[in-house]
Structures are given as structure tokens and as C-alpha cells.
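**Q** quick one, what's the 3D model for this:
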Amino acid sequence: MTTQTAPTSQNVSTPQTRKPAQTTTDVSGGVLGADRPAANRGRTSIADVVVVKVAGIAAREIPGVYDMGGGLSRTIGAVRDRVPGGRPNVGRGVKVEVGEHQTAVDVDLVVEYGIPITDVARDVRENVISAVERVTGLEVVEVNVTVNDVHLPEDDSESQFTQSRVE
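**A** Numbering: from 1, shown residues only. This is a model prediction of the structure:
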């Protein structure tokens with residue numbers, strides 16, 4: 001014969017403490033024990049910068065994306081790229097918010113003139129979602145695309161033929 005007990009109520013007046021913000025996300029909690037499968041022993045964490053880089057690479061793969069980031073970040077990036085030994089920042093123009101199982105991505109773009117912006121934004125959104133979900137296993141809840149500028153063909157020709165004021 002079994003007896004049942006009524007569930008106890010929690011004290012609602014006890015203040016809840018919040019965890020500090022993390023820069024990594026636990027994808028799997030994992031369990032301990034030799035009797036568990038090897039794939040489940042331990043925990044996997046993904047840093048925010050991983051999601052930023054994956055999204056940045058995926059966005060740059062789309063035809064029509066000339067550059068990424070706002071005006072100031074592009075200027076600083078151009079200087080950084082010219083420094084010997086400097087590497088391009090694949091995460092420039094990408095911001096993410098990562099939770100335990102989901103992520104949201106914001107992408108700032110410069111598109112080529114003449115290519116429909118809505119098509120580029122749609123393709124970027126689809127490619128970023130596909131890449132982030134495939135690589136990280138996180139569900140992408142949204143990808144917000146902001147087009148900050150349009151690259152004009154004459155922008156390149158003017159910089160190539162600028163005459164020097166001194167000899």
C-alpha cells in the first residue's frame with residue numbers, strides 16, 4: 001500500500017537571484033558515469049564569438065554583399081586590414097544574443113549597387129540561419145538585416161585614380 005503526500009508550496013516571497021551574463025552557451029548538459037554513452041559524458045559550451053564568426057562568414061558568402069558593418073567600423077577595419085600581419089575581422093557588422101538553446105543575430109551590410117536589396121537580405125538571412133544552426137546546433141529565432149550603405153562602381157575608380165599632390 002502506498003501513501004501519497006500533497007506537494008509542498010514554494011515560498012513566493014523568497015527573492016530569486018539572477019545569474020551573471022555569460023559569454024558561452026551550454027548546448028548539452030551532459031551526465032556523469034561510466035554506464036552512459038561516450039557522447040553524453042561531459043558538457044558542450046559555445047562562446048558568443050563563435051556564433052558571430054559563423055554568421056559573418058555566412059553573410060559574406062552571398063553575392064551582392066560588398067562589405068559589412070557601419071561606417072566607423074568599416075573605417076577602422078580598413079586601417080586594421082592594411083597593418084602588416086593584420087587579419088580581416090570576419091565578425092565585423094555582426095551582433096548576436098545567445099541563450100541556452102536559441103540565438104538572435106543582427107547583421108549590418110553594404111550592398112552592391114544594382115542588386116535588389118530585398119533579395120540580398122533574404123539570401124543573407126537564409127544562409128546565416130542555415131550555417132549557424134548547422135555548425136552550433138542552436139535554433140536561430142531571428143536574423144535582422146540592416147543595409148547601411150550601397151557601394152557604387154565609381155567609388156572604386158575614384159580611389160584608384162586619385163592624383164598625388166606631391167612628387
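**Q** least confident secondary structure element in the protein?
**A** Lowest on mean pLDDT, DSSP states H and E among the helices and strands of the chain sits helix 71-82, with a mean of 58.
**Q** which of the residues in the helix or strand just after it are buried?
**A** Note on helix 71-82: by DSSP states H and E, the next helix or strand toward the C-terminus is strand 94-98. Of the residues in strand 94-98, 94, 96, 98 count as buried by neighbour count, 16 or more other C-beta atoms under 10 Å. In this view, the C-beta of every residue, glycine as well, is placed from N, C-alpha and C.
**Q** and of the residues you listed, the nearest to V132?
**A** Nearest to V132 among these: V96, at 8.6 Å, using C-beta to C-beta.
**Q** so that closest one is in contact with V51, correct?
**A** Yes - V96 is within contact range of V51, at 4.7 Å (criterion: C-beta atoms under 8 Å).
**Q** intersection of neighbour lists for those two?
**A** 103, 105 (C-beta atoms under 8 Å, 6 or more residues apart in numbering).
**Q** quick one: the helices in the chain, in order.
**A** Assigned by DSSP state H, the helices in the chain fall at 48-60, 71-82, 117-136, 153-160.
**Q** which stretch in those helices has the least confidence?
**A** Sorting these by mean pLDDT places helix 71-82 lowest, at a mean of 58.
**Q** contacts for the biggest strand by length in the chain?
**A** Secondary structure of the chain read by DSSP state E shows that its longest strand is strand 139-151. Strand 139-151 is contacted from outside by 55, 66-67, 69-71, 101-113, 117, 120-121, 124-125, 128-129, 132-133, using C-beta under 8 Å, 6+ apart.
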